[in-house]
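Asks: here is the input, now give the coordinates:
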Amino acid sequence: KRHKPPAKPDTPDAVSGRKHMDVQTEQYLEELKDRPVEVEADTQTDAFLDQLPAPIFIPMKTGVDAETQVEDGELFDFDAEVEPILEVLIGKTLEQSMMEVMEEEELSNMRQHQEHFEQIRNAELAETQRLEAAEQRRGAGKGRRGGA
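Replies: Next up, the predicted model:
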């Protein structure tokens, strides 16, 4: 087989003074070059100079200064003032704790009393059932004797 040259497009020849060119038809155009543009740029900076630290900001005074002298014993005496408050707090805490302990003991006693009552009731119930069963046996025995 012979190699065929590529088919020539079916466009008319260019008008005199003009020529046909290949055109990009993609959505995004791209500049076609053999080599990208290269640019060199240099910069030079001065040496970094040490700066002095910024001074601490001290706001300007406004108003008038006043002084008050306080002697020992003129203010709050912590030990003397706190003692009655502590006594009340401790007293209330102890009272509440004693009430809780007494309630727990009372609940325990009630549970024991209820268990004792249930034991007596169960014993009486068992005795009643035993007596009823004995009565039924007697009645069944009399029925057998009397019917025979």
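Asks: drop to CA atoms for contacts and neighbour counts, all remaining ones
Replies: Noted.
Asks: distance check, the residue nearest in space to the middle of the chain against Val101.
Replies: By Cα atoms, centre = their mean, the chain has its centre lying nearest to Thr93, at 33.9 Å. Here Thr93 is placed at a distance of 12 Å from Val101 (Cα to Cα, to the nearest Å).
Asks: likewise Ile90?
Replies: Taking Cα to Cα, one finds Ile90 at 16 Å from Val101.
Asks: please apply the same query to Thr11.
Replies: 112 Å.
Asks: more crowded one of these two?
Replies: Val101 (11 against 7; other Cα atoms under 10 Å).
Asks: so that one is in which element?
Replies: Counting by DSSP states H and E, the element that carries Val101 is helix 78-147.
Asks: run the chain-centre distance for that helix.
Replies: Relative to its chain's centre, helix 78-147 lies at 45 Å (Cα atoms, centre = their mean, to the nearest Å).
Asks: same deal with stretch 11-29?
Replies: That offset, for stretch 11-29, works out to 69 Å (Cα atoms, centre = their mean).
Asks: average pLDDT for that stretch?
Replies: For stretch 11-29, mean pLDDT rounds to 80.
Asks: check stretch 135-148 too.
Replies: Mean predicted confidence for stretch 135-148 is 77.
Asks: buried ones in that stretch?
Replies: For stretch 135-148, burial by neighbour count (16 or more other Cα atoms under 10 Å) applies to no residue.
Asks: send the alpha carbons of that stretch over as CSV?
Replies: Extracted in CSV, the C-alpha atoms of stretch 135-148 (Å, rounded to 0.1, in the frame of the first residue of the first chain):
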residue,chain,number,x,y,z
GLU,A,135,-61.7,-30.2,107.3
GLN,A,136,-62.0,-31.1,103.7
ARG,A,137,-60.4,-34.5,104.4
ARG,A,138,-62.9,-35.1,107.3
GLY,A,139,-65.8,-34.0,105.1
ALA,A,140,-64.7,-36.3,102.3
GLY,A,141,-64.2,-39.2,104.9
LYS,A,142,-67.8,-38.7,106.3
GLY,A,143,-69.2,-38.5,102.7
ARG,A,144,-67.6,-41.8,101.9
ARG,A,145,-68.8,-43.5,105.1
GLY,A,146,-72.3,-42.1,104.8
GLY,A,147,-72.7,-42.8,101.2
ALA,A,148,-71.6,-46.5,101.4
